[in-house]
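Undergrad: Sharing a sequence plus its predicted fold:
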Amino acid sequence: MSLLPGIVALIVLAAPAHAEDGDVPYWASISADIAYMRVGPSNTYRIDWVYKRRNLPVKVVRREGPWRFVVDPDGTKGWIRDLLLSRERMAIVTGGGLAEMHARGSTGSPLLWRLEPGVIGKLGECESGWCEFNVDGHKGFAPQERLWGSAEP
């Protein structure tokens, strides 16, 4: 009897665990209407924060089974269940005052809208300090330094 099929099966089963370990950090967004952040990676840990803002971007910095250790735009850290997160890339406007959204990635292009800090939108490609940004169908380009969630994780 050959041991080769058993060894191949063990290698195949072990591969996803290594892929998960190398998969952080990455950007995610809250995909539920209500998401609980806990102080540890289990339902038995106390709830530290309740999120009621769908699409809020978070940075996933660690994985433990179905739990993700995340950092939110304010720097709050804790554990959220993976089922409450999406890999869809979102960003939130930060900083003081209004951020300008232009038709193209330059200040010389037509101004489309002014965005208040806290506005969340779908993030597109970023290039030369500008990012494609879609806020409920209002599409344009926003300065990358004003969008939390636009940098490399």
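TA: Received the coordinates, thanks. Because the structure is a prediction, the values reported are computed rather than measured. Residues are numbered from 1 along each chain as shown.

Undergrad: Make sure residue 31 is actually in contact with residue 54.
TA: Yes - using Cβ atoms under 8 Å, residue 31 makes contact with residue 54 at a distance of 6.8 Å. Using the backbone N, CA and C atoms, a C-beta is placed for each residue, glycine as well.

Undergrad: I'd say residue 68 and residue 80 touch.
TA: Yes - in this structure, residue 68 is within contact of residue 80 by Cβ under 8 Å, at 5.5 Å.

Undergrad: Quick one: residues contacting residue 131.
TA: 91, 105, 123-125, 141-144, 147, 150 (Cβ atoms under 8 Å, 6 or more residues apart in numbering).

Undergrad: In ChimeraX, how would I select the buried members of those?
TA: Selection of buried members from the contacts of residue 131 for ChimeraX, criterion 16 or more other Cβ atoms under 10 Å:
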select :91,105,123,141,142,143,144,147,150
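
Undergrad: mind listing which of the contacts of residue 131 are in strands?
TA: Per DSSP state E, strands hold the following members of these: 91, 123-125, 141-143, 147.

Undergrad: contacting residues for residue 98?
TA: So residue 98 contacts 114-116 (Cβ under 8 Å, 6+ apart).
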